[in-house]
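*Asks:* Sequence and computational prediction follow.
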Amino acid sequence: MEQISEQLGQNLRQLRQDRQWSLDEAARRTGVSKAMLGQIERGESSPTIATLWRIATGFHISYSSLLTGLTEESSLIQQGITLDSDDPGIQVKALFPYNPATGFEVMQLRLEPGSSTLSDPHEAGVSEHLIVTEGCVELWLKGQWHPVRQGETFRFAADQPHGYRNNSSIPTEFHDIIHYAGQVRPAQPLTDT
Ligand code: MN
């Protein structure tokens, strides 16, 4: 867990330096405060999933590129890469981190009963494909909650507000295939450092 926070901080600082953005500029483009960005860069803060998405969107990169520089064509990741986030009751793993050759990343989300997360719109061209493997997750879309149960799937354009919650009494787990057809570019310099 600790390692991911450090990796995230290093990645963010590297990205910002590559773009030659000051902390002020990065704050303006991501909508995340300068103080919070500084804390993340120093590995002092575990941001929420919603905050990580704001940063990824502001930098025009994929979500998992923030967590890892992995962009190999083939790799074996035995346990997935767990994201240390500040959301109680929510665990996020990158099963397949973003790969520019395929244009997608595969995340696994696990929500304990009573937990939820809401997301700002991602960039145009980003779509999400949910595959529920356990329990029932509810998806917030177009002003209402849509239950998606074990064995069911749901696809939606993610360039609109959306969110997930577990309103049941047992945990729920689902895969989220996030496809980037828009202007997202790989965070290439990360692999060289
Ligand atoms: Mn999303």
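*Replies:* Sure, I can see it. Numbers count the residues shown, from 1 in each chain.
*Asks:* Write out the residues of this structure neighbouring the ion.
*Replies:* Neighbours of the ion within the chain, by Cβ under 5 Å from the ion: 119, 158. Quick note: C-beta positions are derived from backbone N, CA and C, even for glycine.
*Asks:* Using the record's assignment, carve the chain into domains.
*Replies:* 2-68, 81-179 (automatic domain parsing).
*Asks:* Now residue 177. Nearest residue, chain neighbours left out?
*Replies:* residue 129 (4.1 Å; Cβ to Cβ, 6 or more residues apart in numbering).
*Asks:* correction: residue 39
*Replies:* residue 45 (3.8 Å).
*Asks:* Was I right to think the one you found contacts residue 33?
*Replies:* No. Look at residue 45 against residue 33 with Cβ atoms under 8 Å: they stay out of range, at 10.9 Å.
*Asks:* pLDDT score assigned to residue 189?
*Replies:* pLDDT, residue 189: 46.
*Asks:* If you could redo that for residue 166, that was the one I meant.
*Replies:* 98.
*Asks:* show me the contacts for it.
*Replies:* 89, 111, 112, 113, 114, 115, 116, 135, 136, 137, 138, 172 (Cβ atoms under 8 Å, 6 or more residues apart in numbering).
*Asks:* Among these, which pair sits farthest apart?
*Replies:* Pairwise distances across the contacts of residue 166 peak at 15.3 Å for 89 and 136 (criterion: Cβ to Cβ).
*Asks:* Would you agree residue 146 is in contact with residue 132?
*Replies:* No. At 11.5 Å, residue 146 and residue 132 do not qualify as touching, with contact defined as Cβ under 8 Å.
*Asks:* In terms of neighbours, single out the busier of these two.
*Replies:* Taking other Cβ atoms under 10 Å, residue 146 and residue 132 do not tie; residue 132 has more neighbours (20 against 13).
*Asks:* Buried by neighbour count: which residues of the helix or strand hosting residue 129 qualify?
*Replies:* For residue 129, the host element (DSSP states H and E) is strand 126-134. Residues of strand 126-134 classed as buried: 126, 127, 128, 129, 130, 131, 132 (neighbour count, 16 or more other Cβ atoms under 10 Å).
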